[in-house]
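Asks: how would this look folded up:
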Amino acid sequence: MRTATNPVALVRRRYATTSLMGSRHSALAQRPFPTSGEATGTPLDDVDFAAFTRELEAIATEARADMGEADLDHLRKIEWIGRVAGVIGLATAFIAPNPVSVVGLSFARFVRWTGVAHPVVHKGYEGLEATPHARTSKGFAKGWRRAVDWFDWIDPAAWQEEHNIQHHYRLNEEADPDLVQRNLSWLRESSMPTWLRRALVPFMAMSWKFVYYAPSTLEALARAEARRGNAAPTDAPEALRSRWSKDGKWSFLPSVNRRLWLRSWGPYFLAMFVVLPLLFTPLGPWAVASVLINSLLAEALTNVHSFLTIVPNHVGEDLYRFEGRTRGRGEFYLRQIVGSTNYPCGRDSIDILYGWLNYQIEHHLWPDLSLMQYRKIQPKVRAVCERYGVPYVQESLRTRVRKTVDVMVGDSSMPVLDTGALFRGRG
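Replies: All right, here's what the predicted structure looks like:
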């Protein structure tokens, strides 16, 4: 059995940040990684975290004060782009299996999740008086509105618990449900040859929304319900797990995973791959078959698209894992920065392709800001990090995917940073 790379060896690598064009390296390129166990002599030991935190909070205060009708207009623009893509996809779906329909349907589904559902459920627009109830976390995708606001494999309530709470506030801890290095331990520690491990990644990418996110978010919700004491015994995490995993193997049978079929798999599967194609029955069997094929291919494409932009956000040998809970605002800020990575960014034509996940550092610092504010504050956050010597990773998607796959298959590992030691005794 092949073993993963030792994180202690990895931290000896030099730290480099990449500009938008990939040609400029900051002064941080000369700084080695600080790691758990290095009590003194690391760059972060010399950081004035109190001042660092104050400067970041000043950026957030300015951003919140700047929010207004323009932010809502920007959200409407993104929604409009996504809906137009969906209309184009549907209008061409019945003709024949074709790339125009596949790309249109795929892009519409991607934008609906990353460009609309993601910021809205994070309360990104709730500080504005003009925000309609349907674009607040209390109204968006609730009840019947799920069908018109955000219809996906993922149950909106389960997503809010798993992503907004458990992931964002336990980032890269063992309690983080999205910790890739732990979740892929079965692959990292397997006896399969390297080429086979890597060959499995594209198949995971094409199916991850319904194979990973749908069950994991519902499991997180059930865990939270049980912890809060308002869940029925059959909804306990152990019972939920047994419904989608039987004898250690996946099972897609409704009798095994009833809750998943009722809240996630069933509604979406019926709507997108049964009802939608049958709506074109008056145009003949060829039209029905074409719509089905285009919808299936679009689903595979949007799975890959979202996988490539989401999964690398917090993975790589140059990003950190953490132990225990954060104990203050400054420590929280530090973890979000050194545990996240950005991609190229700066304008709508780029940002929409990344689903605004190219501002992952800023988003994790302040999840409740609007999409447009992330673009405005990104240069400011990076400048503060460079001024204080805090690593700020921003690289091309290709580079981040490569580093993510290396961790997934066990060719590299993420080091652990003891942020508590850095803040202990500083007040």
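Asks: quick one: low-confidence parts of the stretch 101-250 of the chain?
Replies: Across the stretch 101-250 of the chain, residues meeting the criterion (pLDDT under 70) sit at 230-250.
Asks: quick check: the gap between Gly266 and Leu179.
Replies: Using C-beta to C-beta, to the nearest Å, Gly266 is found at 29 Å from Leu179. Placement of C-beta: from N, CA and C, glycine included.
Asks: who has more neighbours out of these two?
Replies: Leu179 (20 against 14; other C-beta atoms under 10 Å).
Asks: so what's the more buried one closest to, chain neighbours aside?
Replies: With C-beta to C-beta, 6 or more residues apart in numbering as the measure, Asn172 is the residue that lies nearest to Leu179, at 6.1 Å, once sequence neighbours are left out.
Asks: next, the contact list for the one you found, please.
Replies: Residues in contact with Asn172 (C-beta atoms under 8 Å, 6 or more residues apart in numbering) are Leu179, His314, Leu319, Tyr320, Arg321, Phe322, Arg335, Gly339, Met414.
Asks: again with Gln378
Replies: Gln378 sits next to Asn342, Cys345, Tyr359, Ile361, Glu362 when contact means C-beta under 8 Å, 6+ apart.
Asks: what about 6 Å?
Replies: Gln378 makes contact with Tyr359, Glu362, according to C-beta atoms under 6 Å, 6 or more residues apart in numbering.
Asks: that's a helix at it, yeah?
Replies: Yes. If the criterion is DSSP: H, G, I helix; E, B strand; the rest coil, then Gln378 is within a helix.
Asks: what's the distance between it and Val416?
Replies: From Gln378 to Val416 the distance is 27 Å (C-beta to C-beta).
Asks: got it, and Cys385?
Replies: 21 Å.
Asks: quick one, which of those two is more surrounded?
Replies: Between Cys385 and Val416, Cys385 has the larger neighbour count (other C-beta under 10 Å), namely 24 against 17.
Asks: so what's that one up against?
Replies: Tyr392.
Asks: switch the cut-off to 7 Å
Replies: If a contact means C-beta atoms under 7 Å, 6 or more residues apart in numbering, then Cys385 has Ile337, Tyr392 as its contacts.
Asks: let's see the host helix or strand of it as CSV, backbone CA atoms only.
Replies: Element membership for Cys385, per DSSP states H and E: helix 371-388. Provided in CSV are the C-alpha atoms of helix 371-388 (Å, rounded to 0.1, in the frame of the first residue of the first chain):
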residue,chain,number,x,y,z
LEU,A,371,-21.1,39.3,-5.2
MET,A,372,-20.2,42.8,-6.4
GLN,A,373,-18.6,43.7,-3.1
TYR,A,374,-16.2,40.8,-3.3
ARG,A,375,-14.8,42.2,-6.5
LYS,A,376,-14.3,45.6,-4.9
ILE,A,377,-12.6,44.4,-1.7
GLN,A,378,-10.4,41.7,-3.2
PRO,A,379,-7.4,43.9,-4.0
LYS,A,380,-7.7,45.5,-0.5
VAL,A,381,-7.6,42.2,1.3
ARG,A,382,-4.7,41.0,-0.8
ALA,A,383,-2.8,44.2,-0.1
VAL,A,384,-3.4,43.9,3.7
CYS,A,385,-2.1,40.2,3.6
GLU,A,386,1.0,41.2,1.7
ARG,A,387,1.7,44.1,4.0
TYR,A,388,1.5,41.9,7.1
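Asks: for it, give the mean pLDDT please.
Replies: Here helix 371-388 scores 97 as its mean pLDDT.
Asks: do stretch 316-324 as well
Replies: Across stretch 316-324, the average pLDDT comes to 94.
Asks: so which residues make contact with that stretch?
Replies: By C-beta under 7 Å, 6+ apart, the residues outside stretch 316-324 that reach it are 10, 15, 172-173, 181, 335, 338-339, 341, 393, 400, 403-404, 406-407, 412-420.
Asks: and the residues you listed, which are buried?
Replies: Buried members of these, counted by 16 or more other C-beta atoms under 10 Å: 10, 15, 172-173, 181, 335, 338-339, 341, 393, 400, 403-404, 406-407, 412-420.
Asks: and the helix or strand where Ile361 lies, what does it pack against?
Replies: For Ile361, the element it lies in under DSSP H and E is helix 360-365. With contacts defined as 3 or more C-beta pairs under 7 Å, 6 or more residues apart in numbering; DSSP states H and E, helix 360-365 has these neighbours: helix 329-338, helix 371-388.
Asks: please identify the buried residues of the last one?
Replies: It refers to helix 371-388. For helix 371-388, the neighbour count (16+ other C-beta under 10 Å) marks 371-378, 380-382, 384-385, 388 as buried.
Asks: ok, then the element right after that helix?
Replies: Next element after helix 371-388 (DSSP H and E): helix 397-409.
Asks: show me what that next one is packed up against.
Replies: Using 3+ C-beta pairs under 7 Å, 6+ apart as the contact test, the elements touching helix 397-409 are helix 180-183, helix 185-188, helix 194-208.
Asks: one more pass at 6 Å, please.
Replies: On a contact count with 3 or more C-beta pairs under 6 Å, 6 or more residues apart in numbering; DSSP states H and E, helix 397-409 meets helix 194-208.
Asks: for the helix it packs on, give me every contacting residue.
Replies: Leu187, Ala300, Asn303, Val304, Phe307, Val405, Val409.
Asks: so which residue is smack in the middle of this structure?
Replies: Closest to where the C-alpha atoms of the chain average out (C-alpha atoms, centre = their mean) is Ile310, at 4.1 Å.
Asks: how near is that one to Leu357?
Replies: Ile310 is 6 Å from Leu357, by C-beta to C-beta.
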